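Engineer: Predicted model, plus sequence, below.
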Amino acid sequence: MSNIANLLASSFDAFSNLYTVTILDNDTDRASLVSDLRIEGFKAPAITLGEYDLHYKTVNITRNNAMFTGEREFELKFRVDNDYVAYESLKTWRNLLYNISEDKVFLGSFSSVARLPYKIVRVKAYTGTGADDGNLVTAYGDVVKWEFKQVLLYELSEPNFTRANSEPVSVTAKFSFGEMITAISSGSLTQ
Amino acid sequence: MSNITSLLDNSLDAFTNLFDVTFIFPSQVLTNTPELKDNLSIRIQDFPFPTYSLQTYPVSYKAVTLKRFAPKITGPRKLSLTFRVDADWGIYKKFKAWKKHYMNEDATTITLKKAASLNMTDFGQIIVEALDSTQLGKDSEYVATAAKKSWTFNDVMCVNVQEPTFTKDSANPVTITVDFIYGQYTLPQ
């Protein structure tokens, strides 16, 4: 087979724009805290095992130790609406943990994983084999999904005002999480 | 609903250039006037908000490490703002007067008791307002009177006024950076 034929016959690619991010109160919740339309980009954190070096005579190798490394946190950037609803929703969530205006910290509110400040963040990547533009539910089968549980919003930047240009306001939120589940599943993409 | 419809139906965005900043100087430094308010709001370049977070510490158990939060809000209670200076150097002089209320580098005098007092006439205030994108009139003149969101910095002291830089290489407007420290910080309610 020629190189051209090999390339043409190679499978369809995954695309970086075919994804959704939702922020949910619990597993059965369907309404995202902030509309997926306003969430810009997602980069999953890398969790791996720590390393150490082994030396013997003239050689050395790297081995893994028994401790997971990598920050259990990620960032999301949000494009803010004119009414600042997205900003207020995120600020209200952060205020469950601490309130800057009142100089208060509420550590007791997350002493249990079932308490109010925790949410679930679910990221789905579409496999892109459907004929539609990424919206038709039945056109997609397998989905790669990242699910973060016990998520806390611990830092929220304020809007970036400037006279130099006119861009949509965006804020960046930093989240910490407990469990991370990476799965490939089939079925409809209802949420 | 198609993706196009979802995007079109999505509400209007907030914009980075639709904002106003009001500086209220300590009454013992000068009298605040509407002209001063407008002049400073026009001449400020941008407004970088400070970012606050919670102090963290690691907790490990066997193979996993988690980040936990400590009861301390971290973040600088400082602002560094850049202004385009007017031809009369009025902005520069006014901020220097504010700084001189606490320290005088010419006379090498320090009046720290003003910084430690609870007398509100010794402190200023900075208010940042985000404006409504839907209320722009002719020539983008802002017609609505109510701000969408408002951030307030209280107990503000002007602690440094960066001296201007002169050069023969170009003809650019002079800009100065002014440093402030503040006490209470109120976010939009």
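Structural biologist: Great, that's in hand.

Engineer: which residues touch the residue most central in space within chain A?
Structural biologist: Nearest residue to the geometric centre of chain A (Cα atoms, centre = their mean): residue A:42, 5.2 Å. Contact analysis of residue A:42 by Cβ atoms under 8 Å, 6 or more residues apart in numbering or on different chains lists A:19, A:21, A:74, A:76, A:123. All C-beta atoms are positioned from the backbone trio N, CA, C, and that covers glycine.

Engineer: what's the farthest-apart pair in those residues?
Structural biologist: A:19 and A:74 (13.7 Å; Cβ to Cβ).

Engineer: what kind of secondary structure is the nearest residue to residue B:123 once chain neighbours are set aside in?
Structural biologist: Nearest non-adjacent residue to residue B:123, counting by Cβ to Cβ, 6 or more residues apart in numbering or on different chains: residue B:155, 4.7 Å away. Three-state assignment for residue B:155 (DSSP: H, G, I helix; E, B strand; the rest coil): strand.

Engineer: in chain B, what residue is nearest chain A?
Structural biologist: In chain B, the residue that lies nearest chain A is residue B:49 (3.3 Å; Cβ to the nearest Cβ).

Engineer: Need the nearest residue in space to that residue, chain neighbours excluded.
Structural biologist: residue A:158 (3.3 Å).

Engineer: do residue B:176 as well
Structural biologist: In space, and not counting its chain neighbours, residue B:176 is closest to residue B:162: 5.3 Å by Cβ to Cβ, 6+ apart.

Engineer: contacting residues for the residue of chain B positioned farthest from its centre?
Structural biologist: What lies farthest from the middle of chain B is residue B:62; by Cα atoms, centre = their mean that is 45.9 Å. Shown in contact with residue B:62 (Cβ under 8 Å, 6+ apart): residue A:66.

Engineer: Check what pLDDT it gets.
Structural biologist: With respect to pLDDT, residue B:62 scores 88.

Engineer: where do the strands sit along chain B?
Structural biologist: With DSSP state E as the criterion, chain B has strands at B:19-24, B:46-47, B:53-61, B:64-74, B:78-84, B:103-104, B:109-110, B:124-130, B:149-161, B:175-181, B:185-186.

Engineer: Let me see the residues that make contact with the worst-scoring helix or strand of chain B on mean pLDDT.
Structural biologist: Ranked by mean pLDDT, DSSP states H and E, the weakest helix or strand in chain B is helix B:112-116, scoring a mean of 72. By Cβ under 8 Å, 6+ apart, the residues outside helix B:112-116 that reach it are B:101-102, B:122, B:157.

Engineer: Alright, I will stop here.
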